[in-house]
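# Give me coordinates for this.
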Amino acid sequence: SLGFTEEELMVGGLIVRTTLEKDPQTAAETAVFKQSPANAPDDLRIGLVSIRPGTGEIVAMYGGKDYLERQLNDATQGITQAGSTFKPFALVAALEQGISLASIWNGDGPKIFDDFLGRPYEVSNYGNKSFGDVSLLNASAVSINTIYVPLGIKIGVDKVIDAARRAGIPENVAMVPSPSVVLGVASPRVIDVANSFATFAANGIKAKPFLVKEVLGPNKGILYQARIETEQVFDESVMADLNYALGEVVRAGTASSALRGFGRPAAGKTGTSQSNASAWFTGYTPQLATSVAFFRDDATESLNGIGGLNSVTGGSFPARIWNAYMKAALKGQPKLDFPAPTFIGGVEPFPIPDPVATIAPSDAAAWCSTADLEGAMKDLKEFCTKALKKYLIVTPKD
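Numbers count the residues shown, from 1 in each chain. The predicted model follows:
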């Protein structure tokens with residue numbers, strides 16, 4: 001059905017043209033080489049896939065150092081737990097049910113839930129932090145587990161799984177309908193996650209990813225030509241709010257390192273699995289969606305200590321590789337914006353403040369000794385009063 005046999009492909013003088021582009025492919029290899037941790041263990045695996053949203057063309061891929069040494073592509077064959085890169089699927093399902101980014105949820109932890117089998121399921125946030133009452137927008141930016149698990153329960157974990165499937169996570173990636181599915185206990189391939197986020201970048205249009213563009217015979221006749229296959233799987237208004245929320249992740253949240261020197265609108269999500277066995281960063285602009293994952297041969301072995309870090313998170317090496325690759329791959333291309341958010345639910349969330357640089361303790365002490373703290377608190381109270389009048393706080397009914 002392809003127009004040629006496997007034998008002809010190997011020895012028939014055929015010309016195979018792929019979707020890979022020279023400059024992005026070189027940029028991917030260079031980014032992995034320059035931004036990877038020094039003295040990394042031999043069993044550290046790094047996968048990178050970059051896809052053009054709306055078409056499914058794979059423009060760059062990194063699947064390992066040397067195919068002759070290891071015949072397994074870490075971008076298209078290796079699997080590892082997705083971690084919080086699955087939270088956007090819960091957010092999509094919530095937005096589809098009319099839950100606003102401005103809705104307020106409690107982010108304290110740890111919390112205990114029922115695992116749907118009558119057993120307690122304890123959930124903690126990264127670093128065992130508690131956040132109090134925050135908006136769903138803020139919970140997305142800083143990746144609060146103790147908000148996203150009850151969010152998944154409220155909307156139905158089956159809806160979360162359905163959103164993941166529609167986005168691009170294939171059926172062969174097992175997803176158990178339990179509260180933990182929101183936290184990414186499933187183990188997809190890097191290409192699966194990249195393509196799912198490409199669906200977000202394309203405003204809800206899912207495209208089937210492909211690598212081979214065409215195959216020509218010895219006489220240059222076309223034996224095979226790929227077809228772009230697309231489907232609108234999410235409403236554009238849902239995608240507008242999702243992209244706004246994931247834009248806050250890279251602007252002021254867990255992946256702010258991904259935007260250093262980037263200079264164009266972007267959105268994305270970090271992911272760090274249980275026991276730090278994998279670390280992801282998947283981000284996108286309107287032109288490219290790219291996923292980077294770190295994991296080890298033994299899926300249960302931790303990344304802790306690699307590169308001198310106590311914990312390798314998605315906002316560390318994966319985000320740095322993404323940043324270096326995307327800056328090079330998008331060089332010379334126009335800076336495009338995502339569509340403006342529609343604010344489903346009719347309420348605009350209170351904006352997340354820009355991150356600010358910290359100062360030395362000695363400088364802080366000197367400032368405090370001369371600052372008008374009483375006046376500052378009065379100004380802050382006045383500001384908060386005005387803000388609460390402007391932005392209606394919406395709380396979940398239950």
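
# Show me the residue sitting in the middle of the chain in space.
residue 269 (2.9 Å; Cα atoms, centre = their mean).

# give me the low-pLDDT residue ranges for the chain?
Scanning the chain for pLDDT under 70 picks out the ranges 1, 347, 349-398.

# quick check, the residue nearest to the centre of the chain in a strand?
Yes. Counting by DSSP: H, G, I helix; E, B strand; the rest coil, one finds residue 269 located in a strand.

# Count the residues that sit near residue 211.
By other Cβ atoms under 10 Å, the residues close to residue 211 number 17. C-beta: built from backbone N, CA, C; applies to glycine.

# so is the residue nearest to it when sequence neighbours are not counted in a helix, a strand, or just coil?
Leaving aside its sequence neighbours, residue 211 sits nearest to residue 58 (Cβ to Cβ, 6 or more residues apart in numbering; 5.0 Å). When classified by three-state DSSP, residue 58 comes out as strand.

# my guess is residue 58 meets residue 50, correct?
Yes. Assessed by Cβ atoms under 8 Å, residue 58 is found in contact with residue 50 at 7.1 Å.

# how much space is there between the closest residue to the residue nearest to the centre of the chain other than its chain neighbours and residue 249?
Excluding its sequence neighbours, the residue lying closest to residue 269 (Cβ to Cβ, 6+ apart) is residue 85, at 5.2 Å. Note on residue 85: its distance to residue 249, by Cβ to Cβ, to the nearest Å, is 11 Å.

# domain assignment for this protein?
14-329, 361-390 (automatic domain parsing).

# Just name the most buried of the ones you listed.
Among the domains of the chain, the stretch with the highest mean neighbour count (mean count of other Cβ atoms under 10 Å) is domain 14-329, at a mean of 20.

# Can you verify residue 88 is assigned to a helix?
Yes. Under three-state DSSP, residue 88 sits within a helix.

# show me the contacts for the closest residue to it other than its chain neighbours.
Once flanking residues are discounted, residue 88 sits nearest to residue 269: 5.6 Å by Cβ to Cβ, 6+ apart. Residues in contact with residue 269 (Cβ atoms under 8 Å, 6 or more residues apart in numbering) are 84-85, 87-88, 143, 197, 246, 249, 255, 280-283, 314.

# switch the cut-off to 10 Å
82-88, 91, 140, 143, 184, 193, 197, 200, 245-246, 249-250, 253-255, 280-284, 291, 314 (Cβ atoms under 10 Å, 6 or more residues apart in numbering).

# Repeat that for residue 106.
130, 131, 132, 133, 134, 139, 144, 146, 147, 150, 395, 396.

# export these to JSON lines and tack on distance to residue 9 and secondary structure?
Shown next, in JSON lines, are those (distance: Cβ to Cβ, whole Å; DSSP: H, G, I helix; E, B strand; the rest coil):
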{"residue": "130", "distance to residue 9": "58", "secondary structure": "coil"}
{"residue": "131", "distance to residue 9": "55", "secondary structure": "coil"}
{"residue": "132", "distance to residue 9": "60", "secondary structure": "coil"}
{"residue": "133", "distance to residue 9": "60", "secondary structure": "strand"}
{"residue": "134", "distance to residue 9": "55", "secondary structure": "strand"}
{"residue": "139", "distance to residue 9": "50", "secondary structure": "helix"}
{"residue": "144", "distance to residue 9": "50", "secondary structure": "coil"}
{"residue": "146", "distance to residue 9": "52", "secondary structure": "helix"}
{"residue": "147", "distance to residue 9": "51", "secondary structure": "helix"}
{"residue": "150", "distance to residue 9": "52", "secondary structure": "helix"}
{"residue": "395", "distance to residue 9": "60", "secondary structure": "coil"}
{"residue": "396", "distance to residue 9": "56", "secondary structure": "coil"}
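
# Kindly reformat the residues you listed as CSV containing distance to residue 300.
Below are the contacts of residue 106 laid out as CSV (distance: Cβ to Cβ, whole Å):
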residue, distance to residue 300
130, 28
131, 29
132, 34
133, 36
134, 32
139, 28
144, 25
146, 24
147, 27
150, 28
395, 39
396, 36
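
# Can you tell me the SS state at the closest residue to residue 114 other than its chain neighbours?
Of all residues not flanking residue 114 in the chain, residue 121 sits nearest, at 6.7 Å (Cβ to Cβ, 6+ apart). Of the three states, residue 121 takes strand under three-state DSSP.

# Name whatever forms a beta bridge with residue 121.
residue 113 (DSSP bridges).

# Look up how far residue 16 lies from the residue nearest to the centre of the chain.
Distance from residue 269 to residue 16, by Cβ to Cβ: 34 Å.

# now the strands for the stretch 201-350 of the chain?
Using DSSP state E, counting those that start in this stretch, the strands assigned to the stretch 201-350 of the chain run over residues 205-207, 212-216, 222-225, 230-232, 267-272, 278-284, 289-296.

# Tell me which residues touch residue 192, please.
Taking Cβ under 10 Å, 6+ apart, one finds 49, 76, 79, 82, 164, 167-170, 172-173, 186, 209, 291 in contact with residue 192.
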